[in-house]
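*Asks:* turn this into a structure:
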Amino acid sequence: KQKTAYEIIAGDWSSDVCSSDLFPSHDKTRRDNSEQVVSSDANGQQRVYWEVKTPIYDDSDPKKLWGLCGISTDITSLKHQEAALRESEKRFHSTFASAPIGMAILGLEGQFIQVNAALADIVGYSIEDLQKKTFQRITYPEDLQGDMEKFAQLRDGLIKSYQLEMRYFHQKGNPIVTGK
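*Replies:* Predicted coordinates for the structure are as follows:
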């Protein structure tokens, strides 16, 4: 049988405890209960709380439950921030994926982390195949030094972005010119 916090601890404050404060009285291995709880404040605004509750058992009789220790943290603002971040990421991904210019997100060693379809089309690789390569591997040798210098400056925070006229090798081996 499960007990509510009200059943565990009698008193005036217990009527304010959430009805979701249930503890399986038979499960002594589970000593805590954490959950997200949604409720409304006095103005009717929805609030989200992260609650951690731990039943307290009597030292002399470990089967006797005599208390509850709980912490409740208002995470409403965090939930709003998470939703805004998800929406922002969705907009970015949509813009990145549908951009008519070739774009890539690179790792610190030059590996393609994310590639849009326009860049894949330019160099003749599938997105999946391009993500197995580095930009160094498809860059025309005479253009690589200048690109590496700019890439290092970007990586080290000396510049915020760069754009170069570049030659890349198409998947078929012929050079392709891209640029400003």
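*Asks:* and the helix or strand hosting Ser72, what's buried?
*Replies:* Using DSSP states H and E, the element containing Ser72 is strand 65-74. Residues of strand 65-74 classed as buried: Leu65, Leu68, Gly70 (neighbour count, 16 or more other CB atoms under 10 Å). C-beta coordinates here come from the backbone N, C-alpha and C atoms, glycine included.
*Asks:* need the residues you listed in JSON lines with distance to Tyr162 and pLDDT, can you?
*Replies:* Converted to JSON lines, these look like this (distance: CB to CB, whole Å; pLDDT from 0 to 100):
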{"residue": "Leu65", "distance to Tyr162": "65", "pLDDT": "78"}
{"residue": "Leu68", "distance to Tyr162": "59", "pLDDT": "78"}
{"residue": "Gly70", "distance to Tyr162": "54", "pLDDT": "85"}
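*Asks:* looking at these, spot the one nearest Ile127.
*Replies:* Nearest to Ile127 out of the buried residues of strand 65-74 is Gly70 (CB to CB; 48.7 Å).
*Asks:* for the closest residue to the closest one other than its chain neighbours, grab phi and psi.
*Replies:* Computed as CB to CB, 6 or more residues apart in numbering, the closest residue to Gly70 that is not its neighbour in sequence is Lys53, at 4.1 Å. Note on Lys53: backbone dihedrals following degrees, to the nearest 10 are phi -130, psi 140.
*Asks:* quick one: pLDDT of the residue lying farthest from the centre of the chain?
*Replies:* The outermost residue of the chain relative to its centre, with distances by CA atoms, centre = their mean, is Ser60 at 45.6 Å. pLDDT, Ser60: 89.
*Asks:* could you look up the SS state of it?
*Replies:* coil (DSSP: H, G, I helix; E, B strand; the rest coil).
*Asks:* likewise for Val38?
*Replies:* Val38 - assigned by three-state DSSP - is strand.
*Asks:* what does Tyr125 give?
*Replies:* coil.
*Asks:* distance check, it against Gln171.
*Replies:* In this view, Tyr125 and Gln171 are 5 Å apart by CB to CB, to the nearest Å.
*Asks:* good, wrapping up.
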